[in-house]
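Asker: no letters, just coordinates:
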């Protein structure tokens, strides 16, 4: 069965510092991996995806993620955090059958001034 | 980018009544839409996969007679919560697959409160 794990419920970062939100996955076959962000009482916004190609994927709002096959990880990163980046972040993998997304439990990012 | 809308954005209803939530893909056709349920600060739980012109596929543990899904057109799927109870109160989010890029776009969500 395919799964995604986000080991940290919460990440706290000071504004201007780099941030990392961790994600590990377990899939059979090639993984299709995604990161989404959710602001309070809103739906999910797409940040970036990895399908194939370069291991470093660049996405929206200055975010990027590094696909590491040997460590089965897809960590989300940003060189310099903003207070406005504070939100709930979800990592997801696409199920090989039917196309549904399997989500991690979410990580709450808090960026303090 | 592709836009998915939901209506209403929030609804309060009395216990025992039914509530319909609409999910629309505004600028693309979606043969497949998904319905999720989310509790505060928790992950999204997939409830069902909605396919245009056919019956929805429900995830294990989701009551299909309670959560009626209809995908009548390529741009509209509806979720009806029948005989709602307070425990049905939740945030319901839909998403639609845009085939051209095979990406999933999410609606803004609907907050349901059953009193």
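Answerer: Sure thing, it's come through. These figures come from a predicted structure and were not determined experimentally. Numbering: from 1, shown residues only, chains lettered A, B, ... in the order given.

Asker: quick one, what contacts residue B:99?
Answerer: The contact partners of residue B:99, by Cβ atoms under 8 Å, 6 or more residues apart in numbering or on different chains, come to B:29, B:30, B:31. Where C-beta positions appear, they are placed from N, C-alpha and C, glycine not excepted.

Asker: can you do 6 Å?
Answerer: By Cβ atoms under 6 Å, 6 or more residues apart in numbering or on different chains, the contact set of residue B:99 is empty.

Asker: need phi/psi at it.
Answerer: With angles defined as degrees, to the nearest 10, residue B:99 sits at phi -60, psi -40.

Asker: next, find the distance separating the nearest residue to residue B:66 once chain neighbours are set aside from residue B:12.
Answerer: The shortest distance from residue B:66 to any non-neighbouring residue, by Cβ to Cβ, 6 or more residues apart in numbering or on different chains, is to residue B:82 (5.5 Å). Per Cβ to Cβ, to the nearest Å, residue B:82 is found 17 Å from residue B:12.

Asker: pick out whichever of those two has more residues nearby.
Answerer: With neighbours defined as other Cβ atoms under 10 Å in any protein chain shown, residue B:82 and residue B:12 compare such that residue B:82 has more, 15 against 12.

Asker: pretty sure that one contacts residue B:17?
Answerer: No - with contact defined as Cβ atoms under 6 Å, residue B:82 does not count as touching residue B:17 (9.0 Å).

Asker: need the residues touching each of those two.
Answerer: Counting by Cβ under 6 Å, 6+ apart, residue B:82 and residue B:17 have no common neighbour.

Asker: count of residues packed around the nearest residue to residue B:4 once chain neighbours are set aside?
Answerer: Distance criterion Cβ to Cβ, 6+ apart; nearest residue to residue B:4, sequence neighbours excluded, is residue B:107 at 4.3 Å. Neighbourhood size, residue B:107 [other Cβ under 10 Å]: 28.

Asker: isn't residue B:107 right up against residue B:23?
Answerer: Yes - Residue B:107 lies in contact with residue B:23 (Cβ under 6 Å); the separation is 5.5 Å.

Asker: residues in contact with both of these two, list them for me.
Answerer: Common neighbours of residue B:107 and residue B:23 (Cβ under 6 Å, 6+ apart) are B:6, B:94.

Asker: how far does the helix or strand bottoming out on mean pLDDT in chain B sit from the chain's center?
Answerer: One helix or strand of chain B scores below all others by mean pLDDT, DSSP states H and E: strand B:103-106, with a mean of 86. Distance of strand B:103-106 from the chain centroid (Cα atoms, centre = their mean, to the nearest Å) equals 13 Å.

Asker: for stretch B:9-17, same thing?
Answerer: Distance, stretch centre to chain centre, for stretch B:9-17: 15 Å (Cα atoms, centre = their mean).

Asker: stretch B:35-48 and chain A, any residue contact?
Answerer: Yes - using Cβ under 6 Å from any Cβ of the partner chain, stretch B:35-48 comes into contact with chain A via B:43, B:44, B:46.

Asker: I'd like those laid out as TSV, including secondary structure and pLDDT.
Answerer: Shown next, in TSV, are the residues of stretch B:35-48 next to chain A (DSSP: H, G, I helix; E, B strand; the rest coil; pLDDT from 0 to 100):
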residue	secondary structure	pLDDT
B:43	coil	88
B:44	strand	90
B:46	strand	93
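
Asker: for residue B:71, what are its contacts?
Answerer: Per Cβ under 6 Å, 6+ apart, neighbours of residue B:71: B:50, B:52, B:77.
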